[in-house]
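for reference, the sequence and a predicted model appear below.
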Amino acid sequence: MWKKIIETTEYIHERVPEQPEIGIVLGTGLGGLGNEIDVKYSLEYKDIPNFPVSTVESHSGKLLFGELGGKMVVAMQGRFHYYEGYSMQEVTFPIRVMKMLGIKKLFLSNASGGVNPDFEVGEIMIINDHINIFPSHPLIGPNIDELGPRFPDMREPYDKKMVSMAIEIAREKGIKVSQGVYTAMTGPTLETPAEYRFVRAIGADAVGMSTIPEVIVARHMDIPCFAISIVTDLGVEGKIEEVTVEQVIAIAKGKEPQMTTIMKELISRI
C-alpha cells in the first residue's frame, strides 16, 4: 500500500506542480461544485496509477486541481464505494494520496436517507458525528506508521470549529441547515423500513453508503474533516416511498447551490 501511495503521488506531482491545501470529495448528484473551481489541472481516474475507477454513472471520475474560495484545492469528482466491489483500502486510497499531496483539511458531501422525523426531503444536514456499521474497516491490516497510529482517536471525527463556522455562514446566507449523526450501510439497495427503524434506534439522523471510511482514514492521518449530507428521501414511518437514483440525483442537484455556498465560504474563511 505504501509503495502504491508513493507511486501515485509521484505521478500526480509530475503533472501538477502546485500543492493543494484542501481536499474535496463530491457525492452523488453533487459533482457540480466542481464547476465552481477555477480548474488548472484535470486528471482522469483511469489514467492515474493504482486509482480505482468509479462505476457509478453519476460520478464523472476526475481529479480536479484548482482554486476555490481563494485556496488551492484537489477535488474528487466522483468517489468510490464499498458496494462497487472495492475493498475499504481501495475506497480510501485517494484520501491517502491527498494527504501526500499536502492537503490540510478534507471536505466531503453525500446524499442520504433521513431517519430523523423532523427532517424533510432536501434537508441540508451538517454531519457532527457518525456511527460506523460497515462490515469492514479501512484500517484493518498492518498499520502504516508513516501515516498514523495503530489506534487513532476518534473523539472528534468532524471538526467542531468548522461545523460552528458553517452554521454561522448558513445563518448569514439565510440557508436552513440541521446538524446530525450519519451512518452508512453497504448498499447498493436502499434500506428496508426495519433497517430505517434500526439506524434511528441506534442514534442516527441519516443513512447513506459512503463518507465514513474516508473520514476514518483522514482522521488516522490527523486531517480535520467537514461533511454535508443532502437528505434526498425519508426513511420515516409513514413517509417511506419508492425512490429511484434519478430522483436522488435531482434532489441533490436542487440543493447543491446552497451546499456550494456554504462550502466555498467556509473554505475561504479557514
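Sure thing, it's come through.

tell me, how many residues neighbour Val248?
By the criterion of other C-beta atoms under 10 Å, Val248 has 20 neighbours. C-beta coordinates here come from the backbone N, C-alpha and C atoms, glycine included.

against Lys161, how distant is it?
31 Å (C-beta to C-beta, to the nearest Å).

Gly208 now?
24 Å.

for Val231, phi and psi?
Main-chain dihedrals, Val231, degrees, to the nearest 10: phi -80, psi 110.

quick one, what contacts it?
Contacts for Val231 were tallied using C-beta atoms under 8 Å, 6 or more residues apart in numbering; they are Ser112, Gly113, Gly114, Phe119, Glu120, Val121, Gly122, Glu123, Ile124, Met125, Ala206.

now the element after the helix or strand that contains Met162, going C-ward?
Here Met162 sits within helix 160-173, counting by DSSP states H and E. Sequence order places strand 178-184 as the next helix or strand after helix 160-173, per DSSP H and E.

tell me what that next one is packed against?
Packed against strand 178-184, as judged by 3 or more C-beta pairs under 8 Å, 6 or more residues apart in numbering; DSSP states H and E, are the following elements: strand 124-132, strand 206-208, helix 212-220, strand 225-234.

would you mind naming the residues that bridge with the residue nearest in space to the middle of the chain?
Among the residues of the chain, the one closest to the centroid is Leu108, at 3.1 Å (C-alpha atoms, centre = their mean). For Leu108, the beta-bridge partners are Val25, Ala227 (DSSP bridges).

my guess is it contacts Pro224. True?
No. If you go by C-beta atoms under 8 Å, Leu108 and Pro224 don't touch, sitting 11.7 Å apart.

okay, Thr55: pLDDT?
We have a pLDDT of 67 for Thr55.

nearest to Gln258, out of the helices and strands packed on strand 178-184?
strand 124-132 (6.2 Å; C-beta to C-beta).

which helices and strands does the closest one pack with?
In terms of contacts (3+ C-beta pairs under 8 Å, 6+ apart), strand 124-132 is packed against helix 160-173, strand 178-184, helix 212-220, strand 225-234, helix 245-269.

which of those sits closest to Ile144?
Closest approach to Ile144 among the helices and strands packed on strand 124-132 is made by helix 212-220 (8.9 Å; C-beta to C-beta).
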